[in-house]
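K.L.:
predicted model, plus sequence, below.
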Amino acid sequence: QVPLVESGGGFVQAGGSLRLSCAASVRTFSMGWFRQAPGKDREFVAATTWNTPSTLYADSVKGRFTISKDNAKNTVYLQMNSLKPEDTAVYYCSGRRARGLFGSEGNYDYWGQGTQVTVSS
């Protein structure tokens, strides 16, 4: 069974919105979203914990993206508003078993398969 499954990617015009979902079948303390654009390294987007209101965002998405969760559904969401062409990337969901909220991929134990987000200008 795949531990994390993303959905919700797609094609949208600049200024539009998309919501990504990540369904988790493993127990984790915190969940994150990362993205990787063509020719670039994977970068942190946002993170949250299941049992606290704590969140963490990359500066590039603050005020535009919101991470949230539904504990009953074991699902984390990434609401993306005011999308820009530079947001175009494959978006990955990640999960960390141990306590802590981090913005670097080395701190995460599980990864989803990724979902493509394309923003046209």
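P.N.:
In hand now; what should we look at?

K.L.:
in three-state terms, label Gly32 for me.
P.N.:
strand (DSSP: H, G, I helix; E, B strand; the rest coil).

K.L.:
surely Leu20 and Met31 touch.
P.N.:
No. With contact defined as CB atoms under 8 Å, Leu20 does not reach Met31; the gap is 11.7 Å. (Glycine included, C-beta is placed from N, CA and C.)

K.L.:
shared neighbours of these two, anything?
P.N.:
Common neighbours of Leu20 and Met31, using CB atoms under 8 Å, 6 or more residues apart in numbering, are Cys93.

K.L.:
how near is the closest residue to Ser82 other than its chain neighbours to Phe11?
P.N.:
The shortest distance from Ser82 to any non-neighbouring residue, by CB to CB, 6 or more residues apart in numbering, is to Arg64 (4.7 Å). Note on Arg64: its distance to Phe11, by CB to CB, to the nearest Å, is 18 Å.

K.L.:
return the set of buried residues in stretch 95-108.
P.N.:
Using 16 or more other CB atoms under 10 Å as the test for burial, stretch 95-108 gives 95-96, 101-102, 105, 107-108.

K.L.:
most widely separated two among the residues you listed?
P.N.:
Distances among these were taken as CB to CB; the most separated pair is Leu101 and Glu105, at 13.6 Å.

K.L.:
who's more crowded, Arg64 and Phe11?
P.N.:
For Arg64 versus Phe11, neighbours defined as other CB atoms under 10 Å are more numerous around Arg64 (15 against 12).

K.L.:
just say helix, strand or coil for Glu86.
P.N.:
Following three-state DSSP, Glu86 is assigned to helix.

K.L.:
report the contact partners of it.
P.N.:
For Glu86, the contacting residues are 37, 60, 119, by CB under 8 Å, 6+ apart.

K.L.:
and these as a markdown table, adding neighbour count?
P.N.:
Shown next, in a markdown table, are these (neighbours: other CB atoms under 10 Å):
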| residue | neighbour count |
| --- | --- |
| Ala37 | 14 |
| Ser60 | 14 |
| Val119 | 20 |
